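S.K.: Okay, predicted coordinates and the sequence, questions at the end:
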There are 2 protein chains.
Amino acid sequence: MTHRAPSIRDVARVAGVSTATVSRTLTHPDKVSETTRAAVIRAIHDTGYTVNQAARSLRRRRTGAIAVLVPNISNPFFARILSGVAEVMSEAGYNVLISDTTPTALDDHRFPEYFSHNQTDGLIVLDGMLNRELLLNRGPPEVRPPMVFACEWIDSIERPMVTIDNTAAAAAAVRHLLDLGHRDIGFVCGPPENVLTRARLNGTRAALAEAGLSLRADWIFPGDFTLPSGARAAALWLDAGDRPSAVFCASDEMAMGFIGALYQRGVSVPASVSVMGFDDLGIAAHFVPPLSTVHQPRRRIGLIAAQMLLERMALDPATRASAPVPKVVLPYELAIRSSTAPNPAAGERI
Amino acid sequence: MTHRAPSIRDVARVAGVSTATVSRTLTHPDKVSETTRAAVIRAIHDTGYTVNQAARSLRRRRTGAIAVLVPNISNPFFARILSGVAEVMSEAGYNVLISDTTPTALDDHRFPEYFSHNQTDGLIVLDGMLNRELLLNRGPPEVRPPMVFACEWIDSIERPMVTIDNTAAAAAAVRHLLDLGHRDIGFVCGPPENVLTRARLNGTRAALAEAGLSLRADWIFPGDFTLPSGARAAALWLDAGDRPSAVFCASDEMAMGFIGALYQRGVSVPASVSVMGFDDLGIAAHFVPPLSTVHQPRRRIGLIAAQMLLERMALDPATRASAPVPKVVLPYELAIRSSTAPNPAAGERI
DNA sequence: ACGTGGCATGTAATCGTTTACAAGGGTTGA
DNA sequence: TCAACCCTTGTAAACGATTACATGCCACGT
C-alpha cells in the first residue's frame, strides 16, 4: 500500500497538539507558546511535513503566486526584467511563474490555463499581442486578477504600466544617425501589429521630419524582432539599387542578424553602413562591432512593475476598479558604440 | 460588499442540476446526457465560471503542473529546451512552470518554495549545481515528485536523464582544431564545480593526449559560461607571453565574449587565433565571424526529457523507486563555421 | 409480470488548511 | 473574593471540487 504525504494532522498527533496549533506555529509563530512551538517544529522535522499548497490556497483564497507572461523566452531581453520582478516578488513572499505566450500554429498568443484567476494572484504582462478578450474576459469583473503591463501594452486596455518612451527613444536614435551625417536612413520593423513597432516607427518618422526628411517606403524593411529576420533585411538591403547609408533596427537581435548577414557577404559595418539597434542586450557590447543601441533599464522595469502589482493586489477589488491607473515612463539612454560611424559620403557635414 | 468568484454550485443552480453533474460535464462529458451537457455549458457561460484549481488539486491530489528548474534564464541556451518541454507537456495537459535557480547572495542555488512536492507533479532539472539535500530530502520517499535531469546532472543522484556525451563532444571539437594544424590549444572553463566543465575539460585532455599533447595549465582560463568571463579570458590570452593558436571555449557565450574582446583590442579571429564554442546558440551562426561550435539538439533534449517525465509520473511511487532509470545520450554535431581556420604557423600539416 | 442491466443523476464524504469562536487557566486590581 | 482581562489552546466549520455509491428510470428478454 502506498503512503500519502504527511499532513498537518500527522504533525499534530506527533506533537500532541491540535491541527490549529500546528497551523498557527507555521503562520503566526508569536501566537504560540515557546515550548509548544519547539515541539511542533520538532514534529514537523520528524514527519517530514511540508504544507499542501493546494489546501492552503483553497482555504486562504489566494495562491501566493503571480505570473509573468512573456512573448518569447528565447529573447534574452526579458531575462533581466524577470530577475527584477523575481527580486521584489520573492521578498514579498510570492512565487513567480513564467509563461511563454509564443503563438502555436493553432491559436493566438497562448493563454495558459493556469492563468485563470484562481491560479495566480496577479499578472505581469510583457506581451502586447495577447488576445484582448482572453486577457480580460475571465469571469466577472470583481474576481479578475490585478494586472500590470511592462514594456509592451495593449492600447485598448487601461491598466498600470511601466515602459520607456519608445517614440522618443527611436527619435533619439535616428537623430544620432542624422548627427553622423546620414541622410539616407532605413528602418527594420518588428511585427507589424506590435505596439513597439508602431511607436518606434513613429519616432523614426518624427526625427526624420524634423530634419526635413522622410522615410522612404522601400527602406522600411519587414522584420519580427528576431535574428533571422534581421538577416533577411540585410539581403533586401544588399539587393536594393539605392541603399540607405544607415539602418535603424527595431531590436538588437535584428541589428545583429543584419550585421552578421552583411559580414558573410563581405560587407562591413560601420564602413559600408551604420547600424543601430534597440534594447541593449547583454551581448550588444560584445558584438563585432560593438553595437550602438538604445538602452532600456530592464531590471528597473521589472522592479517597478512588480511593486506596482503588489500595490494593486493590496487594493480590494472594488477600490481597484476605480483607483487611479499609474503609468510610469522610465528614461532610456543612447549607448553609442562602434556600429555607427560618420557618413563617409557627407564629410563636409561633420 | 465584494462578490466572490462563481463556484460549481452557482453553475449547478443555474443549470438546475447537481454539482456532481457539472463536474462530470467538465471532466467526463460522455457520462452526461446531451441535453444536460448543453444546459451546463450554457450555465458555465452565463456565470463566467472557471474551475478553482486549488480545490481541484486538493481533491485530485495532483496539480497538473510540472516545473523546470533552470540555472539561468538569461542564457538563451535553455529557451529551445523549454519549448520542447512545453510542447510535450501541454499536449499531455500539464502546465509548465519555469523557475530560475540563480543563486542569490544568501544561499545556494535557490529552490523555490513551490517545488515542495505539493505544488508540482514532477520536476525537470537543468541545473547540476542545485543543493543535493534540498533536491532530495523533501518529505518521505513515497511522496517525492518524479524528477528527470537534462543537460546537466548531479553525479550522486540516480535519476532519469537526457544529455549529450559532453566528453566526446569536447574531444571532437578539439580534434577539429588539431586537424586544422593547431598544436597549441587553450581551454576556457565553465564554473569549476560544474559537471559540464569537468566533462568538457576531460574530453579536451583526452583528444590532446591522443595527439601526444597535453593541456598546459597556464592555458586553462577560468570562466563561468558568461559573456564577460569570455572577455576576461581574452584579456588573459592577450597578456600571455606565449599564446595558444586556438582556444576552445566551454560555451558559446564565452566564445563570443572572447572574440568580442579581442576585436576591441584589434585582434581578429580566426586570423590571429581560432576560437571554438559549445552549444550552438541561435546567434552563433550570425556572429562575426560565424562561430564554429558544438551543436546540441536542444529541442529534442526538451522533448525527450518531457516524455521521460510523463512516463515516470505514470508509475506509482513504489514501482518508481525500483524501476529502471533510463539515461538517454543524444548525438551532438560539430557546426564548423568561420571562427576556426588552419594554423598559419603549420602550413606543412595541411 | 418480473428480473436484469444500463444509463443519468443526485447525495454526501473527502482532500488538507485556516480561522472564528469558545474554553480553560492564570494574573491583576479593586 | 470576584470581575476583568490576557494568553494559549482546542473545536469545528468552512474553502470548492471530485467521485464512490445509491437511486430511479427505462428497456429488454423470458
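M.R.: The structure has been received and is ready for your questions. Numbers count the residues shown, from 1 in each chain, chains lettered A, B, ... in the order given.
S.K.: quick one: average pLDDT of the one helix or strand residue A:310 maps to?
M.R.: In the assignment (DSSP states H and E), residue A:310 maps to helix A:298-314. Here helix A:298-314 scores 95 as its mean pLDDT.
S.K.: Also stretch A:156-171?
M.R.: Per-residue pLDDT over stretch A:156-171 has a mean of 95.
S.K.: returning to what we had before: pull out the buried positions in the helix or strand that comes right after the helix holding residue A:310.
M.R.: Downstream of helix A:298-314, the next assigned helix or strand under DSSP H and E is helix A:317-322. By neighbour count on 16 or more other CB atoms under 10 Å in any protein chain shown, the buried set for helix A:317-322 is A:317, A:320. Yep, even glycine has a C-beta here, placed from its N, CA and C like the rest.
S.K.: One more: stretch A:76-94?
M.R.: So, applying 16+ other CB under 10 Å, buried residues of stretch A:76-94: A:76-90, A:94.
S.K.: one step back: where does the helix holding residue A:310 sit relative to the chain's centre, distance-wise?
M.R.: Using CA atoms, centre = their mean, to the nearest Å, the distance from the centre of helix A:298-314 to the centre of the chain it belongs to is 12 Å.
S.K.: and residue A:87, what does it touch?
M.R.: Contacts for residue A:87 (CB atoms under 8 Å, 6 or more residues apart in numbering or on different chains) come out as A:302-303, A:306.
S.K.: Apply 10 Å and report the result again.
M.R.: By CB atoms under 10 Å, 6 or more residues apart in numbering or on different chains, the contact list for residue A:87 reads A:96, A:299, A:302-303, A:306, B:104.
S.K.: of those residues, buried ones?
M.R.: Looks like those have A:96, A:299, A:302-303, A:306 buried, using 16+ other CB under 10 Å.
S.K.: Contact residues of the stretch 151-300 of chain A facing chain B?
M.R.: A:226-228, A:230-231, A:234, A:253, A:256-264, A:268-269, A:281-290 (CB under 10 Å from any CB of the partner chain).
S.K.: so who does the residue lying closest to residue A:63 once chain neighbours are set aside touch?
M.R.: Nearest residue to residue A:63 in three dimensions, chain neighbours excluded: residue A:57, at 4.6 Å (CB to CB, 6 or more residues apart in numbering or on different chains). Neighbour list for residue A:57: A:63-65, A:118-119, A:121, B:52-55, B:57-58, B:119 [criterion: CB under 10 Å, 6+ apart].
S.K.: In strands only, show me those.
M.R.: residue A:65 (DSSP state E).
S.K.: residue ranges with poor pLDDT in the stretch 101-250 of chain A?
M.R.: A:102-118, A:133-143 (pLDDT under 70).
S.K.: Next step: the buried residues of stretch A:76-94 restricted to helices.
M.R.: Counting by DSSP state H, the part of the buried residues of stretch A:76-94 found in helices is A:77-90.
S.K.: Would you mind listing the two of these that lie farthest apart?
M.R.: A:77 and A:90 (21.4 Å; CB to CB).
S.K.: For my notes, confirm residue A:275 occurs in a helix.
M.R.: No - counting by DSSP: H, G, I helix; E, B strand; the rest coil, residue A:275 is not found in a helix; it is strand.
S.K.: and chain A, which residues reach DNA strand D?
M.R.: By CB under 7 Å from any atom of the strand, the part of chain A that sits against DNA strand D consists of A:16-21, A:24, A:31-33, A:35-36, A:55, A:58-59, A:61.
S.K.: Quick check: the farthest pair among these?
M.R.: Across those (CB to CB), the longest gap, 32.5 Å, separates A:35 and A:61.
S.K.: Compare these two (neighbour count), which wins?
M.R.: Taking other CB atoms under 10 Å in any protein chain shown, residue A:35 and residue A:61 do not tie; residue A:61 has more neighbours (12 against 8).
S.K.: what's the nearest residue to the more buried one if we skip its chain neighbours?
M.R.: Nearest one to residue A:61, counting by CB to CB, 6+ apart, is residue B:4 at 7.8 Å.
S.K.: Next one: the one you found relative to residue A:91, how far apart?
M.R.: Per CB to CB, to the nearest Å, residue B:4 is found 29 Å from residue A:91.
S.K.: Give me the below-cutoff pLDDT ranges for the stretch 251-350 of chain A.
M.R.: A:346-350.
S.K.: Please repeat the previous calculation with a cut-off of 90.
M.R.: By pLDDT under 90, the low-scoring segments of the stretch 251-350 of chain A are A:314-323, A:344-350.
S.K.: Give the other helices and strands that the helix or strand that residue A:255 is a member of contacts.
M.R.: If you go by DSSP H and E, residue A:255 is part of helix A:252-264. Packing partners of helix A:252-264 (3 or more CB pairs under 10 Å, 6 or more residues apart in numbering or on different chains; DSSP states H and E): strand A:185-188, helix A:227-239, strand A:246-249, strand A:274-276, strand A:293-295.
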